[in-house]
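Trainee: Dropping a prediction and its sequence here:
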Amino acid sequence: MTLAQTTRLNWFDSTRAGLEHALAAKLSEFEGPSPVLNEAMAYALLEGGKRLRAMLVFSAGHAVGTPASELTDAACAIEAMHAYSLVHDDLPSMDNDVLRRGKPTCHVKFGEAFALLAGDALQTLSFQWLAQSTQGSVQVRMQQIAALAGAAGAQGMAAGQSIDLAHVGKGMGLEALENMHARKTGDLIKASVRMGYVSNPDLSPVQKDGLEAYAHCLGLAYQVIDDILDVESTSDVLGKTSGKDALNNKPTMVSLMGLGQAKQLLARLREEAMAACAVIDPQRRSPLETLVELITNRKS
């Protein structure tokens, strides 16, 4: 392993460890009067997770010269929002799944009502953490809140999930499927990158466009590899139920394109993401490149 690779891994490990500490501390600080709700929120947020979205916040910030210490609240907020989305996606009224991150889903563990409330509380907590943060200027925090809200709402994740539910057992073209994935999965990944790079108000239009293109490619790549793994992997490896899309007759990249073409698309998106972040100084884009590798090579 080269010195550059070692330095990069050390940055990732220390940044992620700092995030885990911050998440636990912040969640404890904001505990409410219901012990069961507190436990359900902690179960959904703290026990497992790759923290890819938080690391995108830190990596995009690093790319524009902002230290991780000034983006911790934003990274915690994106993880709380992501945890909420997983809890609600798994509910019987949604994807009706019983396994997440290698353990029973929140509604299996605590019941549907408490899982619903835990998701609601995590969503609102993400905005509270940003609104009450002292990291960055007020203008920066407002942009981060706007990015997060836009990604989660009626034009983002909620829209994507709605489209997904409406097409169970029905046909869908490739363009429509990409649009669904861009909203359900991609928008939160884009928001993660934006919440990092808006920390530098002097960012050039060229760098901003490059980071936006990077986020777009990465968001779609994340879903493509997800569809591939749903076919090729097992529940034990994934930490969630494999083969569920085919069982529920849901359209996926693999079902529409075939496994071979889906893998070709993934390879192209990987190359395009790498090319897009080339607008960033070589000394600062390494974490962004590492995340491309982690996402496109992931096994779970």
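Mentor: Sure, I can see it. Residues are numbered from 1 along each chain as shown.
Trainee: burial of the nearest residue to L259 once chain neighbours are set aside, as a residue count?
Mentor: Once flanking residues are discounted, L259 sits nearest to V231: 6.4 Å by Cβ to Cβ, 6 or more residues apart in numbering. C-betas here are computed from N, CA, C, even on glycine. Using other Cβ atoms under 10 Å, the number of residues around V231 comes to 16.
Trainee: ok, now the one 5 residues further on?
Mentor: Other residues within reach of D236 by the criterion other Cβ under 10 Å amount to 10.
Trainee: That one - nearest residue in space that isn't next to it in sequence?
Mentor: G102 (7.9 Å).
Trainee: Next: W129.
Mentor: The shortest distance from W129 to any non-neighbouring residue, by Cβ to Cβ, 6+ apart, is to A77 (4.8 Å).
Trainee: does the one you found sit in a helix, a strand or a coil?
Mentor: Following DSSP: H, G, I helix; E, B strand; the rest coil, the label given to A77 is helix.
Trainee: Is it correct that it is in contact with A131?
Mentor: No: in this structure A77 lies outside contact range of A131 using Cβ atoms under 8 Å: 9.5 Å.
Trainee: So which of the two has more stuff around it?
Mentor: When A77 is set against A131 and neighbours are counted by other Cβ under 10 Å, the residue ahead is A77, at 29 against 13.
Trainee: Stretch 62-73 spans what distance, first to last residue?
Mentor: The first and last residues of stretch 62-73 sit 15 Å apart, counting by Cα to Cα, to the nearest Å.
Trainee: which residues touch it?
Mentor: By Cβ atoms under 8 Å, 6 or more residues apart in numbering, the residues outside stretch 62-73 that reach it are 11, 15, 18-19, 22, 26, 57-58, 61, 75, 129-130, 133, 135-136, 195-197, 199-200, 203, 207, 211, 277, 280-281, 284-285, 287-288.
Trainee: same question, stretch 39-54
Mentor: Counting contacts by Cβ under 8 Å, 6+ apart, the residues outside stretch 39-54 that touch it are 16, 19-20, 23-24, 27, 75-76, 78-80, 82-84, 86-87, 101-103, 106, 109-110, 114-115, 117-119, 121-122, 125, 188-189, 192, 222, 239, 291, 294-295, 298, 300.
Trainee: Repeat that for stretch 210-223.
Mentor: Residues outside stretch 210-223 that contact it (Cβ under 8 Å, 6+ apart): 52, 56, 60, 63, 178, 181-182, 184-187, 189-190, 192-194, 197, 253, 266, 269-270, 272-273, 276-280, 288, 291-292, 295-296.
Trainee: so D245, which of the three states?
Mentor: Using three-state DSSP, the secondary structure recorded for D245 is helix.
Trainee: State the number of residues packed around it.
Mentor: Look at D245: counted by other Cβ under 10 Å, it has 20 neighbours.
Trainee: Settle this for me: it is touching T252, isn't it.
Mentor: Yes: judged on Cβ under 8 Å, D245 makes contact with T252 at a distance of 5.0 Å.
Trainee: avg pLDDT for stretch 124-141?
Mentor: Mean pLDDT, stretch 124-141: 96.
Trainee: Show me which residues of the helix or strand harbouring V231 are buried.
Mentor: Taking DSSP states H and E as the definition, one finds V231 inside helix 205-232. Applying a neighbour-count criterion of 16 or more other Cβ atoms under 10 Å, one finds 207-208, 210-211, 213-231 buried in helix 205-232.
Trainee: Output stretch 187-200 in PDB, but only the C-alpha positions, please.
Mentor: The C-alpha coordinates for stretch 187-200 follow below in PDB (Å, rounded to 0.1, in the frame of the first residue of the first chain):
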ATOM      1  CA  ASP A 187     -31.500  12.900  -4.700                       C
ATOM      2  CA  LEU A 188     -30.300  12.200  -1.200                       C
ATOM      3  CA  ILE A 189     -26.800  11.400  -2.600                       C
ATOM      4  CA  LYS A 190     -26.900  14.700  -4.500                       C
ATOM      5  CA  ALA A 191     -27.900  16.500  -1.400                       C
ATOM      6  CA  SER A 192     -25.000  14.900   0.500                       C
ATOM      7  CA  VAL A 193     -22.600  16.400  -2.000                       C
ATOM      8  CA  ARG A 194     -24.300  19.800  -2.100                       C
ATOM      9  CA  MET A 195     -24.300  20.000   1.700                       C
ATOM     10  CA  GLY A 196     -20.500  19.600   1.600                       C
ATOM     11  CA  TYR A 197     -19.600  21.900  -1.300                       C
ATOM     12  CA  VAL A 198     -21.900  24.800  -0.300                       C
ATOM     13  CA  SER A 199     -19.600  25.300   2.700                       C
ATOM     14  CA  ASN A 200     -17.300  27.200   0.300                       C
END
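Trainee: I'm done for today, thanks for sticking with me.
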